[in-house]
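[1] Give me the fold of what follows.
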Amino acid sequence: MMEQYVELSSIYDKMIDVDYNKWILFIERYFENKNMGLKGKNVLELGCGTGNMTLKLKEKGANVTALDLSSNMLSIAQEKLRLKRYKTDFINQDMRNFNINKKYDYVFSFCDGYNYIIEENDIIESFKNVYNHLNICGYFIFDISTPYKLKNIIGNNTFTLNEDNLCYIWDNYLEDDIIEMYITFFVKEGTLYKRFEENHVQRAHDLEKIKEYLYSSKFKNVEIYDDYNFSNINDKSMRAVFIAKKEE
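    So this is what the prediction gives:
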């Protein structure tokens, strides 16, 4: 399999259309409802990508450690935070089997990170690692693209984009719970276009199984919300947000 998020890292922010403000507002309100907050908290962000949510967390006063497997994505994230003069620890590790000699108040993972983990055992190992890296009464919040989104919206479909400086053809192939994405990019450099390709593989995880994995990793009080809204998940939800707590 070709390496993911190499060339793509440079144009990731142009491709991804998500409402980061909505996400951070949900996080803020969730903790406000518990008379808690982000300011001064030690936070670990798994799969931080180009640092968009890292930046939001820092703006709210959190002490953030940001982890990602892609050194290219981390470089972009580091530059974003540097320009804002935010001190942040960046770690180049795999969210499946990370090991940091520190405990955190909250662990977050935004934007489908766990869809990229295909094997059940790897997800369970990651959840156990998260549990071990949390302080007592710490919270773990992450999201996944739902089976509905991956199977019915993305499915075996092809998407294209044609803008002045960027074009891509995105072919998707679904088999059972696995979706393979083959993306061909054309990025304008001067008067010419540079072509590159990436192959991404995601799994449509059953939401109840994810809950089981969390409980088997000793988490308690698992909640599921619809796409960073305070509403219940439904059959056509595109993104599921999981919240789990480490108790004594």
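[2] just the strands in this protein please.
    Applying DSSP state E to the chain gives strands spanning 42-46, 63-68, 89-92, 104-109, 134-145, 158-162, 166-175, 178-189, 192-203, 220-226, 239-245.
[3] What pairs with the first one, parallel or antiparallel?
    Its sheet considered, strand 42-46 pairs with strand 63-68 (parallel), strand 104-109 (parallel) by DSSP bridges.
[4] can you list contacts of that strand?
    For strand 42-46, contacts defined as C-beta atoms under 8 Å, 6 or more residues apart in numbering pick out 53-54, 57, 62-67, 95, 98, 100, 102-110, 113, 126, 130, 133, 135, 142. C-beta here means a position set from N, CA and C on the backbone, and glycine is covered the same way.
[5] Filter the residues you listed down to the buried ones.
    Using 16 or more other C-beta atoms under 10 Å as the burial test, the contacts of strand 42-46 include 53-54, 57, 62-67, 95, 98, 104-110, 113, 126, 130, 133, 142 as buried.
[6] Tabulate the strands of the chain (TSV), appending distance to Ala77 and mean pLDDT.
    TSV is the format used below for those (distance: least, C-beta to C-beta, whole Å; pLDDT from 0 to 100):
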stretch	distance to Ala77	mean pLDDT
strand 42-46	10	98
strand 63-68	6	98
strand 89-92	7	97
strand 104-109	14	98
strand 134-145	18	98
strand 158-162	23	92
strand 166-175	20	94
strand 178-189	20	92
strand 192-203	19	91
strand 220-226	26	96
strand 239-245	21	98
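[7] and Leu83, which of these is closest to it?
    Taking C-beta to C-beta, strand 89-92 is the member of the strands of the chain nearest to Leu83, at 14.3 Å.
[8] Take the closest one, keep the C-alpha atoms, and write them as PDB.
    Presented in PDB, the C-alpha positions along strand 89-92 are these (Å, rounded to 0.1, in the frame of the first residue of the first chain):
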ATOM      1  CA  ASP A  89       4.400  19.200  21.800                       C
ATOM      2  CA  PHE A  90       4.200  17.300  18.600                       C
ATOM      3  CA  ILE A  91       4.900  13.500  18.500                       C
ATOM      4  CA  ASN A  92       5.400  11.300  15.500                       C
END
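[9] name the helices or strands packed onto it?
    If you count contacts as 3 or more C-beta pairs under 8 Å, 6 or more residues apart in numbering; DSSP states H and E, strand 89-92 packs onto strand 63-68, helix 71-83.
[10] And the longest one, what's buried?
    The neighbour-count check on helix 71-83 (16+ other C-beta under 10 Å) flags Asn72, Met73, Leu74, Ser75, Ile76, Ala77, Gln78, Lys80, Leu81 as buried.
[11] Enumerate every residue touching the last one.
    If you count contacts by C-beta under 8 Å, 6+ apart, Leu81 has them with Gly51, Thr54, Leu55, Lys58, Lys87, Thr88.
[12] Look up how far Asn35 lies from it.
    Separation of Leu81 from Asn35 (C-beta to C-beta, to the nearest Å): 29 Å.
[13] Domain parsing of this protein, as residue ranges.
    7-145+205-245, 149-202 (automatic domain parsing).
[14] hey, which of these is tucked in deepest?
    A comparison of the domains of the chain by mean neighbour count, using mean count of other C-beta atoms under 10 Å, puts domain 7-145+205-245 on top with a mean of 18.
[15] next one: that domain to chain centre, how far?
    Per C-alpha atoms, centre = their mean, to the nearest Å, the displacement of domain 7-145+205-245 from the mean C-alpha position of its chain is 6 Å.
[16] So Lys56 sits against Lys22, correct?
    No. Contact between Lys56 and Lys22 fails when scored by C-beta atoms under 8 Å: they sit 10.5 Å apart.
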